[in-house]
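Participant: Following is a predicted model, sequence given first.
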Amino acid sequence: MTIRVALEAYTVMAKHGYYPYEHEHDQPFVVSVWATLRNPQIEEKLDQTLNYADIQIAIDKVMLLSNKPILLMETMAQKIVDELCQKPHVQTLHVRIEKPEAPLPHPGGLAVVELEWARN
């Protein structure tokens, strides 16, 4: 049996991106995180799982409380993993970050970065 805990399509408005002009105005980042738990025996205790709120707090810490703009979505995803992998009940993490207003050469497409992490 596998148990996954997730927070999907959490939109955060933040000033991140590779180009300096992306740091001038907030833009949307849509973040989804799925975690697989180490022990599927939860016994109705919140401290034996991963709270959805903890996922949201980790995203907020990375996206909203960063000291300086994060240039790459790959780095954002890694920082989110760094926050959540400290939770003892997490076995794997899958982070997806979408940037619907990414600067592309012409209209069309959705910029996405996904990161997979697993505890050894």
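Facilitator: Structure received.
Participant: got the contact list for the residue of the chain most remote from its centre?
Facilitator: Distance to the chain centre peaks in the chain at Glu43, reaching 27.1 Å (criterion: C-alpha atoms, centre = their mean). For Glu43, the contact set (C-beta atoms under 8 Å, 6 or more residues apart in numbering) is empty. No exception for glycine: its C-beta is placed from N, CA and C like everyone else's.
Participant: Ramachandran angles for it?
Facilitator: Main-chain dihedrals, Glu43, degrees, to the nearest 10: phi 60, psi 30.
Participant: didn't Gln91 look like it was pressed against Glu116?
Facilitator: No - Gln91 is beyond contact range of Glu116, at 11.9 Å (criterion: C-beta atoms under 8 Å).
Participant: Compare the two and say which one has the larger neighbour count.
Facilitator: Neighbour count, other C-beta atoms under 10 Å: between Gln91 and Glu116, Gln91 has more, with 17 against 11.
Participant: how far out from the middle of the chain is the host helix or strand of that one?
Facilitator: If you go by DSSP states H and E, Gln91 is part of strand 90-99. The chain centroid and the centroid of strand 90-99 are separated by 5 Å, computed with C-alpha atoms, centre = their mean, to the nearest Å.
Participant: For that strand, list the C-alpha coordinates in PDB.
Facilitator: What follows is strand 90-99 as a C-alpha-only set of coordinates in PDB (Å, rounded to 0.1, in the frame of the first residue of the first chain):
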ATOM      1  CA  VAL A  90       8.400  11.500   3.800                       C
ATOM      2  CA  GLN A  91       9.800   8.800   1.500                       C
ATOM      3  CA  THR A  92       9.600  10.500  -1.900                       C
ATOM      4  CA  LEU A  93       8.700  14.000  -3.300                       C
ATOM      5  CA  HIS A  94       7.600  15.100  -6.700                       C
ATOM      6  CA  VAL A  95       7.500  18.900  -7.200                       C
ATOM      7  CA  ARG A  96       6.000  20.500 -10.300                       C
ATOM      8  CA  ILE A  97       6.300  24.300 -10.900                       C
ATOM      9  CA  GLU A  98       4.500  26.000 -13.800                       C
ATOM     10  CA  LYS A  99       5.200  29.500 -14.900                       C
END
